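**Q** Okay, predicted coordinates and the sequence, questions at the end:
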Number of protein chains: 4
Amino acid sequence: MSTKDLILSTAKDMISEVGFHKMTTANLARRAEISEGTIYRHFESKEDILQHILDNFDEKYQQLAGQCRARMSHNELSIEDLLGSHFAFVDANSADIKIVLGTYSILDLTRRSMARFIERMRGLFEEFLTRGMARGTVRGVAVHDTGMIIANMFFGLMRIKLYWPEYPDFSAEAVDFCRRSLIFVEEKERS
Amino acid sequence: MSTKDLILSTAKDMISEVGFHKMTTANLARRAEISEGTIYRHFESKEDILQHILDNFDEKYQQLAGQCRARMSHNELSIEDLLGSHFAFVDANSADIKIVLGTYSILDLTRRSMARFIERMRGLFEEFLTRGMARGTVRGVAVHDTGMIIANMFFGLMRIKLYWPEYPDFSAEAVDFCRRSLIFVEEKERS
Amino acid sequence: MSTKDLILSTAKDMISEVGFHKMTTANLARRAEISEGTIYRHFESKEDILQHILDNFDEKYQQLAGQCRARMSHNELSIEDLLGSHFAFVDANSADIKIVLGTYSILDLTRRSMARFIERMRGLFEEFLTRGMARGTVRGVAVHDTGMIIANMFFGLMRIKLYWPEYPDFSAEAVDFCRRSLIFVEEKERS
Amino acid sequence: MSTKDLILSTAKDMISEVGFHKMTTANLARRAEISEGTIYRHFESKEDILQHILDNFDEKYQQLAGQCRARMSHNELSIEDLLGSHFAFVDANSADIKIVLGTYSILDLTRRSMARFIERMRGLFEEFLTRGMARGTVRGVAVHDTGMIIANMFFGLMRIKLYWPEYPDFSAEAVDFCRRSLIFVEEKERS
DNA sequence: TATGAATGAGGCTTCATTCAT
DNA sequence: AATGAATGAAGCCTCATTCAT
């Protein structure tokens, strides 16, 4: 791994564990086993490291969104698949998401990044709903707003999953909750 | 207003605006027009100020929960009322909630406070669902998990409302989303 | 007890226990159950309190010295009596002495007070030696220097007694040490 | 000189001159012509500096004690030599000793260091007495207690020497005082 | 590229002293 | 006489950033 990537991945772990303010350049250097000066050879500032982390994260989410869209265009994506792939994404990228959730309220940098992330999710869910309505499987709802609502419910559950791991997993119940609200009941019954 | 309350309310504003770390004791003193030393006549530490804010907030939410429970016991509380009173609560206490949302991931103090808050909300929603199911107006759902899901959807929407106020208000649509998922359709039609 | 004396005696205890710097006016007021402001009605400053304590101590030692001189003038004071009365004085005034020993190196105030104290002791011991030599019971020694040496041996032992109370009591052995050095052996044999 | 040693030696001078509390990190940095932050690159805290000074001092005394013991084992060490080498040690390490004498009553750190120092001196003097008694040059005395008494007399004289340098030097007289008390008179007469 | 010592601004907190009541 | 809130200077320490090697 290049020194730059080493710094990036170490910083990602540390910020997600202790927060941006409590990761100091001294801590970071010690944990990455480099010198403090080296950090500044690869990044302009501490915030610049965060910027790179957030940019990488955005790319990863765009990949997921692309895959979902591809499957949607072949009518191969159920609501379970859509939400399920998102839950899996959270599990695979928990450090990034903890960083986003932990700093959006104090750093403009992350605030913008999170806005972009939410907007991408909302757009994807909106597209899902629009296609479903066109095919007659989804009830008639306000797609823009409802996309936002699902995105945010999703965010809320992620927070619990990441910060209160002692709670059981609500994923399945959450999918049911959405299904009941969105999908015409005749196609599937539940207990 | 007593000096203690002045410090408390100034700190509440500042923390919600810039975050706990960026509210320094020097800033706080300047904005409250007192000296830095005075802060420590009324509070043991900077964290102690936050503790007081969080305790006050918890009390306020317990009042709301108490009122909701009272109305529930007279069957006077629709899902619109329940969620509506919560949206109103957020508007009235936006600074407190921004503080909770902005620091739970970095301060154990707030982490515990937020856990308490979520648990209170979940409990209230669970009670609402249980009563509705007994009366036959709410579908059979897993009340514990579903309470959590609603609480977290709610949290997600609050975040948008508080940090991206440029977005339109999703409250009404969110109520509909829940209603569709939870309430038997015969009693009400939607567009 | 007057408020002034209450402050004085509380301060004496505190300074001897924790040192002058660690006795704060806030601590002192709390322990004496008065307000901080009251201290300044009776004393000009924190150092002024110490000044009073030291002055009182000096008076008490002058009384002891006076009594010793009175008994010396009647030839009623053996070296055991002289040192013994000093050891007793230390026990009765341990707080004052701890204060002197604990602050002479950092406060000019006490430095002067301690110099006065040592000089008084030296003078008393010198007088004792001079009389003893005149009577033929004490060897011929340099009275001025030897007075100083005894005074300082005495100080050294006080320090142990006060700060390392876990050590056994060396008083008797110290008296023997001095006796051997000063008193003609024919009048008493030792093992 | 390395920066660490510069800090150490500057701090040693300052603490011995004005006391531990009155040497502030700002003062120290200014006098050593470094920045305050630099202090903390080399030491964990202000107390840590003191710890290093005390440890160095302990090492130096252990060297002296080792040399004395070596000469004792060849019967080459008179009481004049023993006390004389200690007086010389004080002159050469006056700053360290002032620090010990000035802070043992307020800092546990130094209290322990001083206890160690006294105990080492006592042990050395005890060994001297025991050998002397075995050889028949020293009177029969309680070696443990007497070692302590000499050590403390010595400490007392050091204090005068260091804090009241205007006094004449009592060293020679002190050696005589001890000699009279300890050494069999037949081998030497005094005036 | 990498190091790590040095910087200095700024953070939180303490404390002797003052002053209106 | 007594109170106790308020002050502000100063104390210890941290940390992002720079720079000579």
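**A** All right, it came through fine.
**Q** where does chain A come near DNA strand E, residue by residue?
**A** Contact residues, chain A versus DNA strand E (Cβ under 7 Å from any atom of the strand): A:3, A:34-38, A:40-42. From N, CA and C alone the C-beta is placed, and that goes for glycine too.
**Q** Determine which two of the residues you listed are furthest apart.
**A** Greatest spatial distance in the residues of chain A next to DNA strand E: A:T3 and A:E36, 13.1 Å, computed using Cβ to Cβ.
**Q** ok, back up a step: which ones among the residues of chain A next to DNA strand E lie within helices?
**A** Members of the residues of chain A next to DNA strand E lying in helices (criterion: DSSP state H): A:3, A:36-38, A:40-42.
**Q** and of these, the nearest to A:V18?
**A** A:E36 (17.6 Å).
**Q** re earlier: okay if I get the ones in helices among the residues of chain A next to DNA strand E as JSON lines plus pLDDT and neighbour count?
**A** As requested, those are arranged in JSON lines below (pLDDT from 0 to 100; neighbours: other Cβ atoms under 10 Å in any protein chain shown):
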{"residue": "A:T3", "pLDDT": "96", "neighbour count": "13"}
{"residue": "A:E36", "pLDDT": "97", "neighbour count": "13"}
{"residue": "A:G37", "pLDDT": "97", "neighbour count": "9"}
{"residue": "A:T38", "pLDDT": "98", "neighbour count": "15"}
{"residue": "A:Y40", "pLDDT": "97", "neighbour count": "13"}
{"residue": "A:R41", "pLDDT": "97", "neighbour count": "11"}
{"residue": "A:H42", "pLDDT": "98", "neighbour count": "17"}
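**Q** from these, which single one is nearest C:Y167?
**A** Using Cβ to Cβ, those come closest to C:Y167 at A:E36, 49.8 Å.
**Q** Got phi/psi on A:N93?
**A** phi -130, psi 40 (degrees, to the nearest 10).
**Q** Please name the residues that touch it.
**A** By Cβ atoms under 8 Å, 6 or more residues apart in numbering or on different chains, the contact set of A:N93 is A:57, A:60.
**Q** Now do the same for it: its pLDDT.
**A** Reported pLDDT at A:N93 in the predicted model: 96.
**Q** With the one 4 residues further on instead?
**A** pLDDT for A:I97: 95.
**Q** which stretch of helix or strand covers it?
**A** Following DSSP states H and E, one finds A:I97 within helix A:94-103.
**Q** and what of A:H144?
**A** helix A:143-163.
**Q** The helix holding A:I97 and chain B, are they touching?
**A** Yes - Helix A:94-103 comes into contact with chain B (Cβ under 8 Å from any Cβ of the partner chain), by way of A:98, A:101-102.
**Q** by contact count, what packs against that helix?
**A** helix A:3-18, helix A:46-73, helix A:108-135, helix A:143-163 (3 or more Cβ pairs under 8 Å, 6 or more residues apart in numbering or on different chains; DSSP states H and E).
**Q** Format those helices as TSV; extra columns: distance to chain B.
**A** Listed next are these as TSV, based on distance: least, Cβ to the nearest Cβ, whole Å:
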stretch	distance to chain B
helix A:3-18	8
helix A:46-73	13
helix A:108-135	6
helix A:143-163	3
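**Q** give me the residue from chain A nearest DNA strand E.
**A** DNA strand E sits closest to A:G37 of chain A, with a gap of 1.8 Å, by Cβ to the nearest atom of the strand.
**Q** out of the residues of helix A:94-103 next to chain B, who's near DNA strand F?
**A** Applying Cβ under 7 Å from any atom of the strand to the residues of helix A:94-103 next to chain B, none is adjacent to DNA strand F.
**Q** For the residues you listed, which entry has the maximal number of neighbours?
**A** Counting neighbours by other Cβ atoms under 10 Å in any protein chain shown, A:G102 comes out on top of the residues of helix A:94-103 next to chain B with 26 neighbours.
**Q** Just confirm that residue contacts A:V18, I think it does.
**A** No - checked against Cβ atoms under 8 Å, the pair A:G102 and A:V18 is beyond contact range at 9.5 Å.
**Q** Which neighbours do those two have in common?
**A** B:I106.
**Q** got a list of contacts for stretch A:77-86?
**A** A:64, A:67-68, A:71, A:121, A:124-125, A:128, A:154, A:171, A:174-175, A:178-179, A:182-183.
**Q** quick one: it to chain centroid distance?
**A** Stretch A:77-86 sits 14 Å away from the centroid of its parent chain (Cα atoms, centre = their mean, to the nearest Å).
**Q** which parts of it are buried?
**A** By 16 or more other Cβ atoms under 10 Å in any protein chain shown, the buried positions in stretch A:77-86 come out as A:77-79, A:82-83, A:86.
**Q** low-scoring stretches of chain A, by residue?
**A** Within chain A, the stretches with pLDDT under 70 are A:185-191.
**Q** which parts of it sit against chain D?
**A** Checking chain A against chain D by Cβ under 8 Å from any Cβ, there are no hits.
**Q** can you list the domain ranges for chain A.
**A** Taking automatic domain parsing as the criterion, chain A consists of the domains A:1-43, A:47-185.
**Q** so how far is A:H42 from the closest residue to A:E36 other than its chain neighbours?
**A** Nearest-residue entry for A:E36: A:A29, 4.4 Å, with adjacent residues in sequence omitted and distances by Cβ to Cβ, 6 or more residues apart in numbering or on different chains. Separation of A:A29 from A:H42 (Cβ to Cβ, to the nearest Å) stands at 12 Å.
**Q** again with A:L101
**A** A:L101 is 26 Å from A:H42, by Cβ to Cβ.
**Q** likewise A:R122?
**A** In terms of Cβ to Cβ, A:R122 sits 34 Å off from A:H42.
**Q** ditto for A:H21
**A** 21 Å.
**Q** And A:L83, by the same measure?
**A** Counting by Cβ to Cβ, the gap from A:L83 to A:H42 is 38 Å.
**Q** Is there a neighbour count for the residue lying closest to A:I106 once chain neighbours are set aside? I'd like the number.
**A** Residue nearest to A:I106 in three dimensions, not counting chain neighbours: B:G19, with 3.5 Å by Cβ to Cβ, 6+ apart. Neighbourhood size, B:G19 [other Cβ under 10 Å]: 19.
**Q** Many thanks, have a good one.
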